[in-house]
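Asks: here you go, sequence then predicted model.
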Amino acid sequence: MIGGLRNFSLRLLLILAVLAVWEGFVRLFDVPAFILPRPSNVFLALYRGTVSTMYLEHLRVTLLETLIGFAVGSGLALALGTVVALSRRTEYFLYPFIVMFQAMPKVALAPIIIVWFGLGLTSKVVTAALVAFFPLLVNTIVGLRSADEDRVSLMRSLAASRWQIFWMLQLPNAMPYIFAGLEIAMIFSLLGAIVAELVGAESGLGMLIQSMNFTMDVAGQFSVLLILSAVGLALNGIVTAIRRRVLFWDVSQKAADIPGAKATKGGVP
Amino acid sequence: MQELSSVALAAAARDVISVRHLSKDYGEGPNAIAALRDIDLTVGDGEFVAIVGPSGCGKSTLLKILAGLLPATGTAMLNGTPVSGPRRDIGMVFQSPVLFPWRTVLDNALLPVDVQQLGRDRMVERAKSLIALVGLSGFGHRYPWELSGGMQQRVALVRALIHDPALLLMDEPFGALDALTRESMNVELQRIWLDRRKTVVFVTHSTSEAVFLADRVMVMTARPGRIGDVLKIDLPRPRTLDVMTGETFGAYVRRIRAGLNAGGGIE
């Protein structure tokens, strides 16, 4: 059986063993710190950066960019997705743009966005929003259109208006798709913010990685990567927790909990 | 236009459904497929009519036309007014329960109340008594996925009755259930019908289900769908499952089979 205290300790032991082998390997072969730092130095860097509140300030900036970008990108995706899903005409005219942007790696736009919007918060928010936008747009369209034909017939047989069909059937029915899109959008906006910071920024964890790279502080970079993993996990955890509450009725949601089982329908970030 | 005699007018006034020369084609021009041809049909107030036919004979199409979900040529009158679109005085039950998983049993039952803004406060008690009538007392706050298929179909029946429609349209409502559940649902439906006396049009491809439930059985033939034989079922109510093994019952079933075979049979 998987799980249980015994297996959990074994798992913990394995992680410690990997760290020990890593530490031993670096010490034994005198691997230069700018190639591969010792894990002990990574944790030391993490400790120092946190205690001096330097990391916290950069974390605050990156989080702010990510969350505003997520809110803007998701808001626009939900709005445009709804319009496209409800109007075939709008879809017809917007389709070429959507297809082109979906296939394009949106992060490649980051340098231009920095030129347009400067080194501050705005360019990061725009990049994050742009990257978060497409997966949710596609999921919203697919979700709103996925209403079962019999359910639509039922609503129509009750003389429901188009708005009633939207609010009482299409929207709740689309929620599993929308939440799958929101989960991707959350992670993608962090990705977008970091990429934009790497390209050019005054603060933020991405900028911190970039400046540590110039001083060959690889241990420091690893420590920032650890923070970014934790941030990604936390942001995803928040969306997942909300999804579980809202979609208690979605019998298929267990499948969505399996990492990797979730289809990224939004194309390239 | 033929002039209607006063007798025919009086009869039409009592009929909940009055259909004349109804035809339906899918597609247009030379490629059009004739789904229904020249259907004449009247259903009296409180009458239970079953339509039996092979798959693809257009019986579901006929129900959709009566519900105002599909346009057709000819006339279809419901309570004296022509059917020109969806209307509020119809209750529909489909082959699958078509419940909304995000709504509780009670909220699913109240869907027509929400759509037609009939006032929840006024209707909750009615919903609860109907839920009790179909034997689901205590399940009001459960969700559809917590119920069996038969129980879900009972909720669908409550939903179809909640707004007190003039007409109940049932499209193979028990087709997806196992044989035993189906028989007990037939008994249940008869009990509820005797209690409420709704006008019912019940589409099925089960001959025994049709004979067991209906006052009249119409046999439809396929491609294009036409109404062939019409049988009045003279069996006393309430009918029990024992009636199904009787000689009269068997005779009705044989005659419907003959009508189906004459029209190309069941595929």
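Replies: That came through fine.

Asks: for the helix or strand hosting residue A:23, which positions count as buried?
Replies: Counting by DSSP states H and E, the element that carries residue A:23 is helix A:4-28. Burial within helix A:4-28, assessed by neighbour count using 16 or more other Cβ atoms under 10 Å in any protein chain shown, is assigned to A:22, A:26. For the C-beta atoms, the positions are set from N, CA and C on the backbone; glycine is no exception.

Asks: cool, stretch B:34-52 as well?
Replies: Result for stretch B:34-52 [16+ other Cβ under 10 Å]: buried residues B:35-37, B:39, B:41-43, B:47-52.

Asks: ok, back up a step: which residues does the helix holding residue A:23 contact?
Replies: A:1, A:31, A:36-40 (Cβ atoms under 8 Å, 6 or more residues apart in numbering or on different chains).

Asks: quick one: which of the residues you listed is nearest to chain B?
Replies: Ranked by distance to chain B (Cβ to the nearest Cβ), those are led by residue A:1 at 28.2 Å.

Asks: any idea how far residue A:229 is from residue A:20?
Replies: 20 Å (Cβ to Cβ, to the nearest Å).

Asks: residue A:64 now?
Replies: Taking Cβ to Cβ, one finds residue A:64 at 38 Å from residue A:20.

Asks: out of the buried residues of stretch B:34-52, who's nearest chain A?
Replies: residue B:35 (16.4 Å).

Asks: could you pull out the strands in chain B for me?
Replies: Under the criterion DSSP state E, chain B contains strands at B:15-26, B:33-44, B:48-52, B:73-78, B:81-82, B:90-93, B:167-171, B:199-204, B:216-221, B:226-232.

Asks: can you list these in a markdown table and add distance to chain A and mean pLDDT?
Replies: Formatted as a markdown table, the strands of chain B follow (distance: least, Cβ to the nearest Cβ, whole Å; pLDDT from 0 to 100):
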| stretch | distance to chain A | mean pLDDT |
| --- | --- | --- |
| strand B:15-26 | 15 | 86 |
| strand B:33-44 | 16 | 87 |
| strand B:48-52 | 17 | 94 |
| strand B:73-78 | 13 | 88 |
| strand B:81-82 | 14 | 86 |
| strand B:90-93 | 5 | 92 |
| strand B:167-171 | 8 | 93 |
| strand B:199-204 | 13 | 94 |
| strand B:216-221 | 21 | 91 |
| strand B:226-232 | 23 | 87 |
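
Asks: closest one to residue A:87 among those strands?
Replies: Residue A:87 sits nearest to strand B:15-26 of all the strands of chain B, at 25.8 Å, using Cβ to Cβ.

Asks: what lines up beside the closest one in the sheet?
Replies: strand B:33-44 (antiparallel), strand B:73-78 (antiparallel) (DSSP bridges).

Asks: quick revisit: and the strands of chain B: which comes nearest residue B:155?
Replies: strand B:90-93 (10.3 Å).

Asks: sheet partners, orientation included, of the closest one?
Replies: strand B:167-171 (parallel).

Asks: for the strands paired with strand B:15-26, could you give me JSON lines that also reports distance to residue A:13?
Replies: JSON lines is the format used below for these (distance: least, Cβ to Cβ, whole Å):
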{"stretch": "strand B:33-44", "distance to residue A:13": "70"}
{"stretch": "strand B:73-78", "distance to residue A:13": "75"}
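
Asks: so which of those is nearest residue A:154?
Replies: strand B:73-78 (18.2 Å).

Asks: distance from the chain centre to the closest one, please.
Replies: Its chain's C-alpha centre and that of strand B:73-78 lie 17 Å apart, by Cα atoms, centre = their mean, to the nearest Å.

Asks: for chain B, what are the nearby residues on the stretch 151-269 of chain A?
Replies: A:151, A:153-160, A:164, A:168-169, A:172, A:175, A:249-251 (Cβ under 8 Å from any Cβ of the partner chain).

Asks: filter these to the buried ones?
Replies: A:151, A:153-160, A:164, A:168-169, A:172, A:175, A:249-250.

Asks: residues contacting stretch B:100-109, please?
Replies: So stretch B:100-109 is in contact with A:151, A:168-169, A:172, A:175, A:249-251, B:99, B:111, B:124, B:127-128, B:130-131, B:136, B:139-145, B:147, B:155, B:158-159, B:162, going by Cβ under 8 Å, 6+ apart.

Asks: out of those residues, which sit inside helices?
Replies: Taking DSSP state H, the ones among these that sit in helices are A:151, A:172, A:175, B:111, B:124, B:127-128, B:130-131, B:155, B:158-159.

Asks: ok, of those, which come out buried?
Replies: Applying 16+ other Cβ under 10 Å to the ones in helices among the contacts of stretch B:100-109 flags A:151, A:172, A:175, B:111, B:127-128, B:130-131, B:155, B:158-159 as buried.

Asks: can I get those residues in JSON lines including distance to residue A:109?
Replies: Listed next are those as JSON lines, based on distance: Cβ to Cβ, whole Å:
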{"residue": "A:151", "distance to residue A:109": "40"}
{"residue": "A:172", "distance to residue A:109": "34"}
{"residue": "A:175", "distance to residue A:109": "30"}
{"residue": "B:111", "distance to residue A:109": "46"}
{"residue": "B:127", "distance to residue A:109": "54"}
{"residue": "B:128", "distance to residue A:109": "58"}
{"residue": "B:130", "distance to residue A:109": "58"}
{"residue": "B:131", "distance to residue A:109": "56"}
{"residue": "B:155", "distance to residue A:109": "51"}
{"residue": "B:158", "distance to residue A:109": "55"}
{"residue": "B:159", "distance to residue A:109": "50"}
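
Asks: for residue A:78, state which of those is nearest.
Replies: Nearest to residue A:78, judged by Cβ to Cβ, of these is residue A:175 at 11.4 Å.

Asks: between the ones in helices among the contacts of stretch B:100-109, which is nearest residue A:210?
Replies: residue A:175 (38.8 Å).

Asks: distance of the closest residue to that closest one other than its chain neighbours relative to residue A:178?
Replies: The shortest distance from residue A:175 to any non-neighbouring residue, by Cβ to Cβ, 6 or more residues apart in numbering or on different chains, is to residue A:247 (5.9 Å). Residue A:247 sits 10 Å away from residue A:178, going by Cβ to Cβ.

Asks: so which of those two has more stuff around it?
Replies: Neighbour comparison, residue A:247 and residue A:178: the larger count goes to residue A:178, with 24 against 20 (by other Cβ atoms under 10 Å in any protein chain shown).

Asks: go ahead and list the helix or strand containing that one.
Replies: helix A:171-199.

Asks: which residues touch residue B:44?
Replies: Residue B:44 neighbours (Cβ under 8 Å, 6+ apart): B:14-16, B:199.

Asks: then residue A:220?
Replies: A:45, A:49, A:208, A:212.

Asks: can you report phi and psi for it?
Replies: The phi and psi values for residue A:220, taken as degrees, to the nearest 10, are phi -60, psi -40.

Asks: ok, now how distant is it from residue A:47?
Replies: In terms of Cβ to Cβ, residue A:220 sits 12 Å off from residue A:47.

Asks: kindly report the same for residue A:245.
Replies: Taken as Cβ to Cβ, the span from residue A:245 to residue A:47 is 36 Å.

Asks: the more surrounded of these two?
Replies: residue A:47 (12 against 8).

Asks: do you know how far residue B:78 is from residue B:42?
Replies: Using Cβ to Cβ, residue B:78 is found at 12 Å from residue B:42.

Asks: distance from stretch B:165-183 to the middle of the chain?
Replies: 8 Å.

Asks: typo on my end, stretch B:108-123
Replies: Taking mean C-alpha positions (Cα atoms, centre = their mean), stretch B:108-123 and its chain are 22 Å apart.

Asks: just stretch A:191-199 next, same as before
Replies: 12 Å.

Asks: ok, and what's touching that stretch?
Replies: Counting by Cβ under 8 Å, 6+ apart, A:62, A:65-66, A:69, A:106-107, A:110-111, A:113-114, A:123-132, A:204-207, A:209-210, A:228, A:269 sit against stretch A:191-199.
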